[in-house]
Structures are given as C-alpha cells and as structure tokens.
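*Asks:* Output the structure for:
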Amino acid sequence: MTQDKKHLNFDLEFLDKNNSSETKPVNNQKPKRVGNRNIILTAIKYNWKKILIVVGIILFFGWVIFSEDSSNTSNYTSPTTGKTSSYGNNESNKSVKPPRSYNSLPNGTIIHSNAYYLNGSGELKIDNGTSHDALVKLVRISTNRSVFTIYIKANNSYRIHNISDGNYKLIFIQGRDWDATNLTFLIDKSFSKFRDNFPFSTNEVTRYDGVYEEYTMWEVTLYPVSGGTAETDNILENEFDKY
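*Replies:* Residues are numbered from 1 along each chain as shown. From the prediction side, this is the model:
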C-alpha cells in the first residue's frame, strides 16, 4: 500500500510539472491557446466542404435548366405550318439559311448540252465577276432552244468551245442557294439577257505560207465594265424557262 501511494504522488507531481511547463510564459509572452485554435480550424474546413457541395448542386441544376431553354429555342416548330426554323420563333415562317450553308454547284457544271450544235470552232468566254452564282444559256436563234447551259460560280469564268456556225443569244440568271430540282436559285435571283446577238462563223483564209481557218471568238462579262459595249435587259422568269 505504501508503494502505491508513493507512485500515485509521483504521477500527480509529474502531471503538475507538465501543466506548469505548458502554461508558463516564456520571455514575458502570453500563453498560447493551441487546443481551441485547432478545433476552430477543423470546424472551418468542415463548413467549407458543405458550402462547396451546396454550390456544386446549385450550378448543376442551373446548367440543366439553361440547356433545356437553349434546346427549346433552337428547335422551334411553327404551330401553323409545321416548318422548323433554326433561329427560334420566326414570325414569317420562312426558313433562313446562313450564307455558308447556301447550296451551290462546282464551277463549269454542264446542265445541258446539244452536241449537234457543238461541232464547230467558235468559242465564247463568259466571266462572272460578281458575288452571285450564275446559270447561263447559249440559245440558238433558229431553234429558240438552248444548245449549252452552264453553271458559273461567283468570281469565276468558263469558256464554251466548238460552237457551230450560226446566230445565238445569251441569257442568264444570277442568285444564291441553288435548287437542283427546279434548276433555279432560291435567294436574290435576277434574270437577264444580252441585248445583241452573237454570230459565229468559220472561214478558210489562204496566205502565202498556207491555208488557215478563221473562226469567231467572243468574250463577255456578266457585270458592267468600263469601256464595255454589251448591254443587258431584264427578263421575266417564264421567258428564261422557255429556252
């Protein structure tokens, strides 16, 4: 029993010494309360986790709601016509395309060709230096039918070869967004014809060094140029379609 008491007294004294060393000021400085500070920091970290979770949930539901609103706007369907517009509620119920989605054909696409009238030597160069594509018809006056119909893209040109001798006229349509079914443009289309005809002839010319063939070559532009002599007139769509 005596040994146990001594041991107990020793332990208490040891604890007293430890406590006194922890609370004893050093260099006249106030004691630091480390234990409470750790508890406060732990609580702050725990609260930040809760805040981050709540903010994440709010952002997620906000994104879901915004996505639904965007999808409803981009796929609007007119209740009267059933047409779909990619630009939301279009009061005119007309489909509008951005310029980059306009339909077009490669330059020099031949729409129609009559080989019977394309076995000569004549040539016709057509320059379309405009911002609109063009469909050009070379019409033989004797038959009043197109012998060659060609698609010329904006800011491009094309040369028709082997045109037979005869008298021809040139008509064309310019526009954007090609309709392959009806062979016309859907946007900004206009119809024109050259006022003067285009005669083609072939002749043999004898010179001192041999016999040569002379044939007609024409060059026209589908836009006004300085010093140009060819003039055009506007025509109706039904006149253009009959050739």
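*Asks:* how far away is Thr149 from Val205?
*Replies:* To Val205, Thr149 is 33 Å away according to CB to CB, to the nearest Å. All C-beta spots, glycine's among them, are computed from the backbone N, C-alpha and C.
*Asks:* Looking at the two, which has the bigger crowd around it?
*Replies:* Thr149 (20 against 9; other CB atoms under 10 Å).
*Asks:* Quick check: which element contains the more buried one?
*Replies:* Using DSSP states H and E, Thr149 sits in strand 145-152.
*Asks:* Leu52 now?
*Replies:* helix 34-74.
*Asks:* Around Asn119, count how many other residues there are.
*Replies:* Neighbours of Asn119 using other CB under 10 Å come to 9.
*Asks:* just Tyr223 next, same as before
*Replies:* 13.
*Asks:* give the contact list for it.
*Replies:* Asn128, Gly129, Thr130 (CB atoms under 8 Å, 6 or more residues apart in numbering).
*Asks:* so which of the residues you listed comes closest to Lys137?
*Replies:* Distance to Lys137, by CB to CB, is smallest for Asn128 among the contacts of Tyr223, at 13.7 Å.
*Asks:* quick one: the closest one from Tyr117, how far?
*Replies:* 23 Å.
*Asks:* ok, now His132?
*Replies:* Counting by CB to CB, the gap from His132 to Tyr117 is 28 Å.
*Asks:* So these two - more neighbours on which side?
*Replies:* Tyr117 (22 against 19).
*Asks:* which ones are touching the more buried one?
*Replies:* Contacts of Tyr117 by CB under 8 Å, 6+ apart are Arg140, Val147, Phe148, Ile163, Ser164, Gly166.
*Asks:* hang on, isn't the first one packed against Gly166?
*Replies:* Going back to what we said before, that points to Arg140. Yes. Judged on CB atoms under 8 Å, Arg140 makes contact with Gly166 at a distance of 5.9 Å.
*Asks:* where do the strands sit along the protein?
*Replies:* 76-77, 84-85, 109-113, 122-128, 133-140, 145-152, 156-163, 166-179, 184-194, 198-200, 202-207, 210-215, 217-221, 232-234 (DSSP state E).
*Asks:* so what does the longest one touch, helix or strand wise?
*Replies:* Going back to what we said before, that points to strand 166-179. When contacts are defined as 3 or more CB pairs under 8 Å, 6 or more residues apart in numbering; DSSP states H and E, strand 166-179 packs onto strand 122-128, strand 133-140, strand 184-194, strand 198-200, helix 237-241.
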